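A.B. asks: got a sequence here, can you build the structure:
(2 chains)
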Amino acid sequence: MQQIINFLIRYKIFLLYLFLLLISFIFTFQSHSYHQSKFLNSSNYISGSIYSFSDNITSYFGLRDENNRLVEENKRLRDKLFNNILLEPSKIDSTTIDYEIIRGRVINNSYADQRNYITINKGKNDSIFQDMGVITDKGILGIIENTSGKFATVQSILSDKSNINAKIKNSNHFGSLVWENTTDYNVVQLIDIPRLVPLTIGDTIVTGAMSSIFPEDIPIGTIKRFDLDNSKSFYFIDVELFNDMTNIGNVYIIKNLNRKEVLELEAETEANDQ
Amino acid sequence: MINSTSFLIVLRFILLVLLQVLVFNKLNFFGYINPLIYILFLYWYPIKQNRTTFIILCFFLGLFVDIFSDTLAINAAATITIAYLRPTIMRFVFGVNYEFQSFKLNNSTKAQQFTFLALLIIIHHLVYFTLEIFSFSNSLLILQKTVIVGISTLILGMLFSTLFSSKKE
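C.D. replies: Model (predicted):
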């Protein structure tokens, strides 16, 4: 007994080191599944407040660019309005709409890591929950991962965990959007497109209809380069993003009002199948 | 005297975390170079202090940076590793005389300070990027990031340590 205690006292620093290392490994590896750990993220109160304080100061430097982008978007929407592409206003009420849009602001952005997260200034109090889609005026950005009262973190499409249903515009050939070459933050990869699909460099890639997170036809990017993968039966496509991931200000969070129904139906079908 | 030392340590802790997350995490020089400047905390930490407190402090230092930058607990793991290895590194760099009462970092030569900081940075970055990338098929990427980010941290670290060192008599 004496020897055990002596041993513990003698190696207490080393044991403390091992203990703390174990804790950090647990924090790190428990999240290798789909979702990040619940409290180790920048959507909590303290870091959220500090980031929004710093954003309050730095956002002034980008106001002109931000305004230009908003005017550009207004112009596009007005084009649609004057050409009567939208539905009659009287038809839009809460029983017929499928998606609700909430606006938010990025208060912290990263794009240089393997798994990038973006912090935004809207949270549970604004009825934002996990697995809602986030887009900008130019295209897709990511999916809500964690929320606190006033803030939320977004898993960016620049993450090796990200996997989003996407397709080639004006066709129904769909594949998965992933980020494999994790050093280039302007380019993501589209995989699982069969080789008989005709492709051209410059084709537009948009979100597919398979997802219960994003509506169909949200722009993602254009084809930069394509090649067959190892199995020689699918394409491996480099997609250049429309979004400049280094410069993001205002974002829109998309709430799919039918998501619960879709998921329940799918779960029920799968359960009956077995 | 003890109070003023502790106060200095706490102040350094807070300032380095804020500096790291508000300035250096957003630098993205050449796309991915973000110097991990907060490890200067370990460089400046007094030598004659309780090692237990030191390792625990370093754990929280890493954890705070992690929380802000959404990196799980990678920074914490890398930081406690160099915190644990620090006495070994110091013995290697400064020889036995660092154990004497009168030893101070400012009294050592520039070359020694440089080696000390460089060793801290190399070990820290190696652990950090290994955990971040976490696949041996990408070991070249791990080494590349360790070297390039390490050099940037080293340059900035030397600048900061020169800027804030107390004057020699």
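A.B. asks: show the end-to-end separation of stretch A:205-213, please.
C.D. replies: Between the opening and closing residues of stretch A:205-213 lies a distance of 17 Å (Cα to Cα, to the nearest Å).
A.B. asks: could you do stretch A:162-172 as well?
C.D. replies: OK, stretch A:162-172 end separation, Cα to Cα: 21 Å.
A.B. asks: please apply the same query to stretch A:246-264.
C.D. replies: 37 Å.
A.B. asks: average pLDDT for it?
C.D. replies: Averaged across stretch A:246-264, pLDDT comes to 86.
A.B. asks: what are the contacting residues of that stretch?
C.D. replies: Around stretch A:246-264, the neighbours that count as contacts under Cβ atoms under 8 Å, 6 or more residues apart in numbering or on different chains are A:59, A:62, A:65-66, A:69-70, A:97-106, A:109, A:111, A:118, A:120, A:122, A:127-128, A:131-137, A:141, A:144, A:154, A:185, A:212-215, B:28. Quick note: C-beta positions are derived from backbone N, CA and C, even for glycine.
A.B. asks: do that again at 7 Å, thanks
C.D. replies: The contact list for stretch A:246-264, computed with Cβ atoms under 7 Å, 6 or more residues apart in numbering or on different chains, reads A:62, A:66, A:97-106, A:109, A:111, A:120, A:122, A:128, A:132-136, A:141, A:144, A:185, A:212-215.
A.B. asks: quick one: distance of it to the chain centre.
C.D. replies: 10 Å (Cα atoms, centre = their mean, to the nearest Å).
A.B. asks: how many neighbours does residue 146 have?
C.D. replies: This is for chain A. Residues lying near A:Asn146 (other Cβ atoms under 10 Å in any protein chain shown) number 24.
A.B. asks: my question was about chain B
C.D. replies: Applying other Cβ under 10 Å, we find 20 residues neighbouring B:Thr146.
A.B. asks: correct me, but it touches B:Tyr128?
C.D. replies: No: assessed by Cβ atoms under 7 Å, B:Thr146 is found out of contact with B:Tyr128, at 8.1 Å.
A.B. asks: pretty sure A:Gly175 belongs to a helix, no?
C.D. replies: No: A:Gly175 is assigned strand when assessed by DSSP: H, G, I helix; E, B strand; the rest coil, not a helix.
A.B. asks: tell me the contacts of it?
C.D. replies: Here A:Gly175 is in contact with A:Ala166, A:Leu190, A:Ile191, A:Asp192, A:Ile193 (Cβ under 7 Å, 6+ apart).
A.B. asks: what sits closest to the residue positioned nearest the centre of chain B if chain neighbours are left out?
C.D. replies: Residue closest to the average C-alpha location in chain B (Cα atoms, centre = their mean): B:Ile39, at 2.0 Å. For B:Ile39, ignoring the flanking residues on the chain, the nearest one in space by Cβ to Cβ, 6 or more residues apart in numbering or on different chains is B:His124 at 5.5 Å.
A.B. asks: need phi/psi at the one you found.
C.D. replies: Per-residue torsions, B:His124: phi -60, psi -50 (degrees, to the nearest 10).
A.B. asks: which among the contacts of stretch A:246-264 end up buried?
C.D. replies: A:66, A:102, A:104-106, A:109, A:111, A:120, A:122, A:128, A:132-136, A:141, A:144, A:185, A:212-214 (16 or more other Cβ atoms under 10 Å in any protein chain shown).
A.B. asks: just the residues you listed that are near chain B?
C.D. replies: Contacts with chain B within the buried ones among the contacts of stretch A:246-264, counted by Cβ under 7 Å from any Cβ of the partner chain: A:Tyr185.
A.B. asks: which stretches of chain B form helices?
C.D. replies: B:2-22, B:40-44, B:51-69, B:74-94, B:110-133, B:139-164 (DSSP state H).
A.B. asks: what comes up buried for the third one?
C.D. replies: The neighbour-count check on helix B:51-69 (16+ other Cβ under 10 Å) flags B:54-55, B:57-59, B:61-69 as buried.
A.B. asks: what's it packed up against?
C.D. replies: For helix B:51-69, the elements it packs on are helix A:12-29, helix B:2-22, helix B:74-94, judged by 3 or more Cβ pairs under 7 Å, 6 or more residues apart in numbering or on different chains; DSSP states H and E.
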